[in-house]
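Peer 1: here's my sequence, what's the structure:
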Amino acid sequence: MFPFRILSLVALLWLAFTVPSRADAPTAPKVVASVKPVHSLAAALMQGVGQPKLLVDGTASPHSFSLKPSDAGALSQADIVFWMGPTLEPFLVKPLASLARGAHIVTLIEAPGLRPLALRSAGAWADGESHQDGHPHLVPAAVGGAADNQIDGHAWLDPANAKAMARAMADALIQRDPADAARYRDNLAALLRSLDALDAEIGAILAPVSAKPFVVFHDAFHYLEARYRLDGVGAITLNPEVRPGAARLSQLRARIQASGATCVFAEPQFETALIGALIDGTQAKRGVLDPEGALLPAGPDLYATLMRANAHALAGCLGG
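Peer 2: Got it, this is the predicted structure:
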């Protein structure tokens, strides 16, 4: 009896470690996603099939990220890599060419139907650059070649762009893993419905404060402003890793006072002392916006949580 129990236990352990679960199907492609919002959309599409690997986790910034050995290993084994593009994620340009040569690289800023916007300058933006008339600050940018370096990579902050990204991601997953095509299509349909509902929800939250001017820490919210006709009037810096000079801060202080900006928004992973100095003696308050979900747990729910958090942060500060 005793040896039989031992053999039974060994058999159960063998099954536990050798039989794949449906959560990680044997056909599941090895998927790598660059940043949390991209990973969130990929995770939603892959539910019931597998889990994507996230590169830029925690409060790390894609502007200055360095790959860990485990990240390099994941890229070298990847079937699919989802990233936004070289402007947002310059750290990935060389590794994609050298490590991920066997992977299908999906540059999401080039997704069909996505509306890219050009980078703006740092500092105060001109009066004619308001989004309240429904026009973007700069005309949509052409994608391809050297022009990629002039494109704002935070395109997911417009849910319409997130839908275009999701469609491109689903196409890549189906091409690589046709055995699970039905699951990907079902997940895509559910994700698109949720993005439509989220878009309407955020529009209702932000409509009462769309005419209220504000300043952001770095120009990561162009798409959010354009989608919901918000009145961003300036950014402290283009690159959050580069501290602005005294002349730019003086220009922004003047812009805050002249425009009546009621809020200056920091980001959770970057220095905020600068914002305290900037708003001192003005009517503006300090708020926090997060373009990438620095403090949120990665996963399929991150995207909606991030968008709602930013909408409520804007409404709370601008409407207070």
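Peer 1: so where's this structure uncertain?
Peer 2: 1-25, 121-149, 238-241, 271 (pLDDT under 70).
Peer 1: give me that answer again for 90
Peer 2: Across the chain, the ranges flagged by pLDDT under 90 are 1-27, 58-64, 118-150, 217-219, 234-255, 257-258, 268-283, 320.
Peer 1: that one: strands as residue ranges?
Peer 2: Remark: strands assigned in the chain by DSSP state E are 31-33, 53-54, 80-83, 104-107, 123-124, 213-218, 231-237, 263-266, 285-288.
Peer 1: what's the closest of those to Ala181?
Peer 2: Checking the strands of the chain against Ala181 by CB to CB gives strand 80-83 as the closest, at 14.4 Å. In this view, the C-beta of every residue, glycine as well, is placed from N, C-alpha and C.
Peer 1: name every strand pairing with the closest one and say which way it goes.
Peer 2: Strand pairing for strand 80-83, determined by DSSP bridges: strand 31-33 (parallel), strand 104-107 (parallel).
Peer 1: looking at those strands, which one is packed in the most?
Peer 2: Mean neighbour counts were compared across the strands paired with strand 80-83 using mean count of other CB atoms under 10 Å; the top stretch is strand 31-33, at a mean of 28.
Peer 1: what's in contact with stretch 50-59?
Peer 2: 23-25, 28-36, 39, 42-43, 46, 62, 65, 67, 71, 74, 78, 82, 89, 92, 268-269, 292, 294-295, 298 (CB atoms under 8 Å, 6 or more residues apart in numbering).
Peer 1: centre of the chain to it, how far?
Peer 2: 12 Å (CA atoms, centre = their mean, to the nearest Å).
Peer 1: got the contact list for His104?
Peer 2: Asp79, Ile80, Val81, Ala172, Gln175, Arg176.
Peer 1: again, only this time at 7 Å
Peer 2: Residues near His104 by CB atoms under 7 Å, 6 or more residues apart in numbering: Asp79, Ile80, Ala172, Arg176.
Peer 1: gap between it and Ala168?
Peer 2: Going from His104 to Ala168 by CB to CB, to the nearest Å gives 11 Å.
Peer 1: His34: how many residues sit nearby?
Peer 2: Quick fix: residue 34 is Ser, not His. By other CB atoms under 10 Å, 25 other residues sit near Ser34.
Peer 1: residue contacts, it?
Peer 2: Ser34 is in contact with Leu55, Val56, Pro62, Phe82, Trp83, Met84, Glu89, Leu92, counting by CB under 7 Å, 6+ apart.
Peer 1: 6 Å instead?
Peer 2: Residues in contact with Ser34, defined by CB atoms under 6 Å, 6 or more residues apart in numbering, are Leu55, Trp83, Glu89.
Peer 1: isn't Lys36 up against Ala298?
Peer 2: Yes. The pair Lys36 / Ala298 is scored as a contact, 5.4 Å apart, by CB atoms under 6 Å.
Peer 1: tell me which of these two has more neighbours.
Peer 2: Lys36 (29 against 19).
Peer 1: out of everything not next to it in sequence, what's closest to Asn161?
Peer 2: Ala155 (4.3 Å; CB to CB, 6 or more residues apart in numbering).
Peer 1: and Asp280, its phi and psi?
Peer 2: Dihedral angles of Asp280 (phi, psi; degrees, to the nearest 10) stand at phi -60, psi 130.
Peer 1: what's around it, how many residues?
Peer 2: Neighbours around Asp280, by other CB under 10 Å: 9.
Peer 1: who wins for neighbours among the contacts of Ser34?
Peer 2: Leu55 (27 neighbours).
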